[in-house]
Structure formats: structure tokens, C-alpha cells
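Engineer: next comes the sequence, and after it the predicted model I'd like to discuss.
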Amino acid sequence: MVTEHFPWLTAILLFPAVAALAVPIIPDKEGKTIRWYALGVALIELLVMVTVFRQHYELGSASFQMSETYPWIPALGLNWSLAVDGLSMPLVLLTGLITTLSIFASWNVTNKPRLFYFLMLVLFSAQIGVFAARDLLLFFLMWEIELVPVYLLVSIWGGAKRLYAATKFILYTAAGSIFILVAGLAMAFYGDVTFDMAVLSQKQYPYLMQLLCFAGFLVAFGVKLPIFPLHTWLPDTHGEASAPVSMILAGVLLKMGGYGLIRFNLEMLPDAHVVFAPILMVLGVVNILYGAFSAFAQVNMKRRLAYSSISHMGFVLLGIASFTDLGISGALLQMLSHGLIAACLFFLAGVTYDRTHTLMMDEMGGVAKPMPKTFALFTIAAMASLALPGMSGFVSELKVFLGVATSDVYGQSFRVVMTLLAASGLIITPIYLLSMLRQVFYGNDAAAHGQGFTDAKPREVFIAACLILPIIVIGSYPKLATQTYEAKAVAVVSEVRQAMVTMPGDANAVRLAETLR
Amino acid sequence: METAYQLAWLIPVFPLLAALVTGIGLITFTKATSRSRSLASVLSVSSVAGSMVLSFWLLWSQIQGHDAYVQTFEWAQAGSFHLNMGFVVDHLTTMMLAVVTTVAFLVMIYTDGYMAHDDGYVRFYAYLSLFSSSMMGLVLSPNLVQIYIFWELVGMCSYLLIGFWYDRKGAADACQKAFVTNRVGDFGLLLGLLGIYWATGSFEFAEMGDRLKELVESGALSSGLAALFAILVFMGPAAKSAQFPLHVWLPDAMEGPTPISALIHAATMVAAGVFLIARMFPVFEELPVVMDTIAYTGAFTAFLGASIALTQNDIKKGLAYSTISQLGYMVMGMGVGAYGAGLFHLMTHAYFKAMLFLGSGSVIHGMEAVVGHDPVLAQDMRAMGGLRKYMPITSATFLIGTLAICGIPPFAGFWSKDEILASTYAVNPLLWAVGFGTAGLTAFYMFRMYFMTFEGSFRGNDGALLATIRAEVPVVEHHSSVHEGHGDEHSSDHGSGSVHHAHEPHESPFTMTFPLMALAVPSVLVGLLGTPMGNYFEAFIHAPGEAIAEVPVEGFTPEFLVMAGSSVGVGLLGISLAVLIFLQGKISSDKIAQSVLPLYLFSRNKWYLDDLYDRLFVTGSRRLARQVLEVDAKIVDGVVNLAGFSAVVSGEALKYFENGKAQFYALVIFIGVLGLVIFTSV
């Protein structure tokens, strides 16, 4: 199959990687050319992305768009097949924004800058590849490629325990990805062999196979999202990674978990989803509360933020499990919103760390006075994270709550308990976020800890503003963001609801046990 | 007239723009913006003035009998779910807008004098504008979700403003406490909102009420569940309006600058809870259990606040507890179905309490000239006394406010409080008795406050007394506030900058006394809108279900005279007692305190509620969090690590066996390029 139009997606995907190849040969005496080059590449990429989607992406369509397919390794059946739909397009844009800003955030990398920017650009491509791949094998390939730069970025530019953290990261995620491969191949070879995701979701699999594959994908994406109890790599990695890497990690990489859950588990295995949904919902609630409490007990700022990510990603699970338009729409918005908010928080944590040289909150205090701008920006980001209305997090969480509360699939008491528990996360979130602000910025200890802190530079204010602006815009008028995926969300829901109809009854957990026997 | 309605959205937008301009300026060009003081204050004050003009235009039009006006647009959508936002202009909205904009306008003028020497002058105006905008948005909200949105936004502004002096420990603790306590209320509000939406499929107030009634009547929804949802919603107002058991944040909120205490924590935001009860009235009034809960909560809170206010020595804390108590009256009024009376009291209270708080700010301002910029000393009434001589305008307006809150005719508070008490008596004499007794307490503690502050002789130069007061405060807090020039209101107010610069307090500047005088007018007169000779207020503001065609004229009936006479009587009793103890000194307050020591300590220590909460919730949640984290580090991490490693060992081989080729190629390419990069960059 040859695509008629210009292969925009291929161009978008390959451009940063190809540009990265030139990094080694660019003359760079003072160590400043490279960063301008990398930033330029990222900006062009982002610009092209936005223009192309504006012109060629059609709002209100639920199917794959801008598809392009080229046979790559016919012997393996591997096609270079790319496409975007409502599920992936916003995430590709998010990737573009976050990665560009994180390259800008790493302005002061002095240790092996060439390698650093090279890896960042490769990572840029790989992330887009994960979201844009339409071919299962290509998806898997991209999924794996994206791990390598992250591993290196953590293990070379991280904190004191960076090697432990990087190894833990790669082991967890690599172990998780095996499940993708096994489950994916099983599905590909069932019936007519195909790796096309659109075709895969049309196939009817045997019930038991659906359940097993679902479980496999759940483990793989559960590591990435992360879902309790597969989350422990996240605080370690965030605690050690440098701020720009944390931005990408929290801003984009976690979203791959949510993306995978919807793309594979929901779209391809709707029957199994009916069985697993209550489990997902329980796990979501556990994520929210467990993450929030763990965050509260943390004394390391970035680890606290990492646990808060776990807590917030719980809402994605709740939305996915809700079987309602509102819930799925909320889950998708939560992914975008959390991507922006978490990136902003981690970036500002980095800005603070650059001055204080510690992440231990009990060693800080009174930082607001020398750094009023950072204080203001951090407060805004924290408010966004605790789902203050007027910011994107509120809309997504409200939608998820409405979705869960009005879901007709679950029994009344189950829903009440889940909503109640999830909502109590709303109380704990401000406790740990505000007490973080309290410990770091409030008070009058700066005199004791040296006044030499300089406030955020214009570059840093600009980066934070680039993240805060969309947070507020989406929060003020969420339709701007939701219309990009609205049709897709409705289609996904109607698919899983169809599966619901064909298998009536709601004692799902019991049925799971019967099937496995 | 129509244009005014089409432009109503501008009311919150004016101050929002002012807040945005100053806020963005502060983040981008911090120094330049902080220096352009007059620009910031003129911008903020004129934006609120714009809103005020528009609000009064709308109020006039509503009084003329214009229909309610609603305009909405689709804000969020998912599948078949549609959520609209917009604004509604009706009687209740315009009344609230009038109150909010006038108080905000006057407080902003006052701020210019009060914050004149603070480094954060511009930032303060930015916050003030943001708050005003959110508060106006709240009042204009046509549905429950939009109210929830602005509800949290005013809460955030309150957080920012309480923590305005972020280098003070007290302020830092208080702002966090305020936000979290309010979140507990919002948690209930959100759950109630979800529950009601699930049952009725609507966020519109009237629709929610109607459908809930239908569902309960048809048996589709148990009345218990409906009541539960409504009580959950009530948790929101309970937190915002500082009702027991969620009142604990309000007294601490006095750590914020005094203009804030007047605007947010007395006149507007805390009254938003009562406003929401009014908006939710169609839902609540059909559920007797809910109405009773509201009424009893209000009555209990009224008593609780008054009983604590009896023994407070900090003038702002005293006023804060009095606010809690007065809010209790309003809530009780709403709970017994006295919709108009509750809102009437909201309006009169907003004016006289804002004036009292601004008066206390003026007093503190004057005291600081003598005792230095230590809030512990400057706010303690034991160090005041005799200020009437030095601050004639402040003392006169404070006296008017005191008479108003005590319910002495013809001041505003008399008419509104009496209406609440009369309506309560008709429904529930027990609640009336609580309210009646509280009225006596109110008169006592308010006059105690007035006498301690303005009468007698000035005690601010008594070194031993000051040392005693200082010694009562924990050392840490004391240090952070005394040795810190920045953040205090007037770091170089009176030239010298040393701790004691004058022996006599002085009257505040005109920008501060003007708002006091301006607020004195409604504090005296606004009550006349709701007299038995013509209850114009009731005719304008009445429950959605009621229909009142003409201004109710009851006249001074015997019932009214008995009711009013008795509450004035109990007020006078309280005042006489205060005169005996604090003006003439015929009875020693210490002796009374000694004779009922347990009760005295109970009141002095705020019923020990703060300590109880601290032990129960703060320590409890900390411990739980630590335990969760321990489980995470030791058990979850350990077990999963173990499982993970075994999976890797068995799985890694499998992966390369199954899909070796493509991986291999990619890997080779990748490593090749990688090698090249490493080679060249080293």
C-alpha cells in the first residue's frame, strides 16, 4: 500500500532522530552550539507537528487518520505503518511540547552535552513512534527504543544513586515489555497473521485468550502507568533523574501506560475488559490513596512528586474502568493534564534544586523570600496538581468522578464506596502539596541557610509559563482539548459497552475465577 | 436595560483583568511592578468600582421588576453529557453583588493606608482583585458546578491571603489549615453534587429540587439517600461559613492582614456558605432532616462562637469568634426556613462586621506606633484601653458596629437578628432559646471588647503587662514575628524604626477612616429595609417557592414587641454586665474567672477542639502516611523486586529468541550511532 499524500507522520517521527545523527559532527567549541541546535530541531518539530495536525487532522472522526504504510521487513510481516487518531494525536502533541521544553530546561548541561542532546532527540522520535505506530511490531520496537535513552539519561546525568535507579527502571520496564510482546504476538498469530492494530481490534479472540492477553498487557502497561504494586521504580527513578528527564518521564512516559491500556486492553480485548474493569477500578482507588499517603510521608521533594504522580494516574484507571463517555473522556484529559502539571512541578523542583542543592524538604525553608517568582510558579503548579478549578486537573477529575458516579454498570454500593474513597484523595492531596510548599518556601529560615539564592531566570519562567498556560486554558474551557478526541472516546466506550451487552450480569470477578479454573 | 444584562459577565472580568495584569507583571518584571504602587492600586480600585457601578445598575433594574436573566454556553461535553456555564442575574445575585462590590471597594481603599509600608503592597492588590473576581463569579453562577468552581477559587484566594506574610510561622500554618479544612467541606460538597447529579441528572438548582422531590415521592429514591446527598452538600457551606465542626480554620485565618479579615473572613467569602444554602434551598426545603441538621448546626455554632469569644484577648480573634457566632445565626435562620431573614442578616452583618474588622485594623495600626510591629502585642486588648481619646473616628464607628451586632434598635443588626429569632421561635422554641441566650453573650463580649479597647486608661506603656502578654506566646512564634521587619504592616511607619517610637497611639489616615465612616452608614440604616412597618427586603429576597406580591407590612404587633423587647432586654443585660466589669470595674473579671475556672479554661482554650483535632487528624494522618510508606519501602518494593528479577531471568532469553532479528538490527544501529557520539564527545 502506498500512501497518496506526503508522509507527514514519518517525517515527524524521523526528523529528530535524523537530526540527532548530525550531533556528533557539529563543531562545538564552547559547548553552546549543540544546545541551540537541539532546541532548534525540537522547535521545528513542534511547529511542523502543530501545522500538520491543523491542516490534516480531522476533528470528529473516530478512525485512524493520516495513515501511511510501507512494507519494511516483509519476511517478518513488519510494516512501517503509522497513523494517529483521537487517542494518540493529543499525546503526540503533548510529547512535542514536553520534550521541547525539557530540552530548553536542560540548558546548563555541561557533562557530555553532545551525548545528552543526542539522546534527547532520539527519545523525542521514539516517544512519537510509540503513539503513532499502527503496526504492533513497530509499536513494540519503539517502546523498546525509547527505554534506552531514558536509561542512559538517568544513569549518566542522575543523582548519587543513579545507577541503582536506572537499572531498576530498565529491569522493570523491560520485564514489563515482555508481556506486550508475548500477548501481542499471540494475538497477531491468532487466525490470519497481521500486525495491523486496526485489524487486530476487529478480530474475535477466544474468551480465555482474551483474559490472558489482557492480564499480560495489564502488567506491561501497569508498570509504565504505574499501577500499584508495580510502581516502586518510579520514586527511585524520579528521585535520581535530573529535572529535564523527570519532566519527560512524568510528562510523557507514564502516559504510554494509559495509552496502551486504552489502545490494547480496551479496544482489542473489550470482553476481557468487562471482567477486569472492577479490578482496574479498585486498583485506581488504591493508586490514588496509596500514592497520596506515601507522598505525604516523603521528605524528598522529587520522591513526593513521584508518589503524587502515582496518585493522579489512579484517576486514569478509574476513568478507563467506568464504561462511560464521561469517564473515558476524563481519563484522556487526565493524561494530558497530568502530563503538563507533573512536568511543570518536576521542572520547578529542578529549578529549586539548582539553588538549594538538596531535595530534602526539611533542609529547606524560607526560600520564598529570595525566590518569589519560583514561589509563585510553584504555587500555581501545586494548585493545578491539587485539582483547583480553573485548571485542567479539576476538569479531568470532575469528569472521572461524574463518570464513575453515573456508571450504570456497577452496583450502587460498589460505586458509592469507590467514589467515596477516591474523593478522600481530594483531602490528602492538598495536605501533601501544601505542606511541601510550607516546608520549602514558607517560614523564615533563609537567613540561616544563606541568602545567595537567585530567583528563576527568564528562561525558567518562560518554560513554566509554557506549561501553565495550557493548564489554565484547558481548565477554563476544556472543550478546546476534549474536542480533539471526543469522537474516539465515544467510539471506544460504545465498543466496550457492546461487549457488556453480549455478556450480561455483573458478578464479573466471580466469572474470572470460573474461567481460570 | 438589556445592555446591562448582556454586560453582566464583565462584573467578575474587570477585577480579573486587574489581577492578571498585576500578577503577570509581578512574575515577569518583579521589581518594576512592585514599585508601581499607585498604578496597581488605582487599577484594582477602579476595576472594582466598575463592577460596583454595573452591579448597582443591575440591582436597580431588578428592583424595578425586571425578570431574572440567564445566559449560558456549553463548557464541557462528553458523549451525551453536556455541561453549561454562564451567569444568572436575579434578585439574590444582585443583592449579593451589591454587598460584595461595596465592601470590596471600601476595603481596597482602606488597604492603601493599611498596607502603605508593606513590601507586598502590589501583590496584595493582585490577590485582592483575584478574590473579588472569584467572589463575583461565585455569586453569578447559574449552577452547582460553577459554584463549586468559584467556591474553590475563593478558597484558594483565602489561602494566599492568609499566608500573605509567608515568613511568619503562624501565617504559614494558618493558611494550610484553612485550605485543608475547606477541602474537607468541598469533599462533601463534591460527593453531594455527584450524588444529586446521579439521581436527578441536573446541576440546576430548581431542577434538582423538583426532580429530587418527584423521585422521593415516587419512591424511586429513598428519602434517606436524598437527605444524605443534601447533608453532604451542606458540608461545603459548613466549612466555608465556619460552622461546627469545621469552624477551626477561621480564627487562625486572622493571621492574614486585617483588610482580608474584613473582606474575606467576615463579609463575603464566609457568607458564601449561607448564599449556597440559599441557592440550594429548593433541594433542602423538601427534606426536613436536612433542614433540622442545618438549623441545629447553626444554633450550636452560634453558641460555640459566642462562648469562646467571651474570653479572647486578641481583638481579631474575638471578632473572628463573633463572626462564627453570627454565621451560626444565619445558618440557623436558613435551617428554620427563614430564607429572607437569614440573607437579611448576611447583608447587615457584612456591613457592620466589615466595619468592626477595619476598625480593629485601625486600632492595631495605632497600637503599633506604641508597642512595635509585634502582632502579639498590637492585637492584645489588655494592652489597649482609652483609645477613644486618641482615635475618635475609629472608636465612634466601632461603637456603632458594636451596637449593631448587639441588636440594639435602630441599628441594622437589631432588625435582622430579631427577624431570625422570631422565625426560629415560630418553628422551634428550643433553638430560639439558644439564639436568645447567645444574643446576651454577644452583647457582653462585644462591649467587653469595646470597653477594653476604647475606654479606661491606656495600658500600652506598661512594660510588665507587655512582658506578661509576650510570655504567653510560644517562643518560636514570638521570634519569627518580632525580629522580622519585613512582612509587618509598617516596617518604618513612624520614622525611627525602633520598637517603641511613641507613647500615644494615633488616629489612622483618611484612606483608613473613610471606609469606616462609609460603612457606618449602612450599619445604621440598612436595617430599615426590613422593619415590620414595611419589609422591603423580604419583598425583594424570598425563597424561590414563595410568591410575595406586595411589601409585607405587619406593624408593631404585640408578638413583635414581646420578641424584640426580650432580645433587646437580654442584650442590655449583657451590656450592663460588661459595664460593671470592664467599664466601672465594680466586679473583677479575674474573680469570676477563678470561680468558674474549668468553664473559663474551656472557653479560653476554644473547647479544646484544636487540640483534639491535632491529636486525632494531624497526628493520625501523619502516622498512617508513615506506615504506608514503610509498607511501600519494605514490603511492596521488596516483593515486586524479587518477582521482577525472576521474570527478567526467565523472560529476557525468550524475548530475543522470539523476535531477535528486528531487535538486533535496531540495536546494532543504535549502538553504532551511540558509539560514534561517545567517541566524538569525549
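Structural biologist: That came through fine.

Engineer: can you pull the residues of the stretch 1-150 of chain A lying near chain B?
Structural biologist: Counting by C-beta under 8 Å from any C-beta of the partner chain, the stretch 1-150 of chain A comes close to chain B at A:20-21, A:23-25, A:73, A:76, A:78, A:112-115, A:118, A:122, A:137, A:140-141, A:144-145, A:148. Where C-beta positions appear, they are placed from N, C-alpha and C, glycine not excepted.

Engineer: buried subset of those?
Structural biologist: A:20, A:23-24, A:78, A:112-115, A:118, A:122, A:137, A:140-141, A:144-145, A:148 (16 or more other C-beta atoms under 10 Å in any protein chain shown).

Engineer: go through these and say which is closest to A:V219.
Structural biologist: A:F140 (14.9 Å; C-beta to C-beta).

Engineer: wait, doesn't the closest one sit right on A:I178?
Structural biologist: No - counting by C-beta atoms under 8 Å, A:F140 does not reach A:I178; the two are 10.2 Å apart.

Engineer: which helix is the longest one in chain A?
Structural biologist: helix A:325-356 (DSSP state H).

Engineer: in contact with the closest residue to A:I227 other than its chain neighbours, which residues?
Structural biologist: Counting by C-beta to C-beta, 6 or more residues apart in numbering or on different chains, A:L283 is the residue found nearest to A:I227 once chain neighbours are left out, at 5.3 Å. Residues in contact with A:L283, defined by C-beta atoms under 8 Å, 6 or more residues apart in numbering or on different chains, are A:G222, A:I227, A:F228, A:G314, A:L317.

Engineer: can you rerun that using 10 Å?
Structural biologist: A:218, A:222, A:225, A:227-230, A:276, A:290, A:314, A:317-318, A:321 (C-beta atoms under 10 Å, 6 or more residues apart in numbering or on different chains).

Engineer: and if you look at A:A464?
Structural biologist: Taking C-beta under 10 Å, 6+ apart, we find A:A464 in contact with A:101, A:105, A:343-345, A:347-348, A:351, A:373-374, A:376-378, A:380-381, A:456, B:27.

Engineer: ditto for B:A320
Structural biologist: Counting by C-beta under 10 Å, 6+ apart, B:A320 touches B:242, B:247, B:250-254, B:261, B:265-266, B:270, B:305, B:308-309, B:312, B:314, B:357.

Engineer: same question for B:K586.
Structural biologist: Neighbours of B:K586 in contact, by C-beta under 10 Å, 6+ apart: B:V579, B:L580.

Engineer: what about it, which SS state?
Structural biologist: coil (DSSP: H, G, I helix; E, B strand; the rest coil).

Engineer: B:W75 too?
Structural biologist: Quick answer, by three-state DSSP: B:W75 is strand.

Engineer: what's around the residue nearest to it when sequence neighbours are not counted, how many residues?
Structural biologist: Distance criterion C-beta to C-beta, 6+ apart; nearest residue to B:W75, sequence neighbours excluded, is B:M85 at 4.0 Å. B:M85 is flanked by 19 other residues according to other C-beta atoms under 10 Å in any protein chain shown.

Engineer: doesn't B:M85 lie inside a strand?
Structural biologist: Yes - assigned with three-state DSSP, B:M85 falls within a strand.

Engineer: that one against B:L144, yeah?
Structural biologist: No - the pair B:M85 and B:L144 does not pass the contact test of C-beta atoms under 10 Å, sitting 11.5 Å apart.

Engineer: show me what contacts residue 304?
Structural biologist: Using chain A. With C-beta under 10 Å, 6+ apart, A:R304 has these contacts: A:235, A:238-239, A:294-298, A:345, A:349, A:359, A:361, A:432-433, A:435-436, A:439.

Engineer: um, chain B though
Structural biologist: Listed by C-beta under 10 Å, 6+ apart, the contact set of B:L304 reads B:243-245, B:247, B:321, B:324-325, B:328, B:438, B:603, B:606-607, B:609.

Engineer: pick out the residue of chain A closest to chain B.
Structural biologist: Proximity of chain A to chain B (C-beta to the nearest C-beta) peaks at A:D325, 2.7 Å away.

Engineer: for A:W233, see how far away that residue is.
Structural biologist: Using C-beta to C-beta, to the nearest Å, A:D325 is found at 33 Å from A:W233.

Engineer: between these two, who's got more neighbours?
Structural biologist: A:W233 (26 against 23).

Engineer: ok, the more buried one - contacts?
Structural biologist: A:165-173, A:176, A:223-224, A:226, A:306, B:637, B:640-641, B:644.

Engineer: now do 7 Å
Structural biologist: A:K168, A:F169, A:Y172 (C-beta atoms under 7 Å, 6 or more residues apart in numbering or on different chains).

Engineer: can you report how many residues lie near the first one?
Structural biologist: Which is A:K168. A:K168, neighbours per other C-beta under 10 Å, totals 21.

Engineer: so how far is the helix or strand hosting it from its chain's centroid?
Structural biologist: Here A:K168 sits within helix A:162-189, counting by DSSP states H and E. Chain-centre distance of helix A:162-189: 17 Å, with C-alpha atoms, centre = their mean, to the nearest Å.

Engineer: that one packs against which elements?
Structural biologist: Under the contact criterion of 3 or more C-beta pairs under 7 Å, 6 or more residues apart in numbering or on different chains; DSSP states H and E, helix A:162-189 touches helix A:136-157, helix A:207-224, helix A:233-240, helix B:637-658.

Engineer: could you give the mean pLDDT of the helix or strand just after that helix?
Structural biologist: Under the assignment DSSP H and E, the closest C-terminal helix or strand after helix A:162-189 is helix A:197-200. For helix A:197-200, mean pLDDT rounds to 86.

Engineer: ramachandran coordinates for B:M280?
Structural biologist: Main-chain dihedrals, B:M280, degrees, to the nearest 10: phi -80, psi 10.

Engineer: having no further points to raise, I will conclude here.
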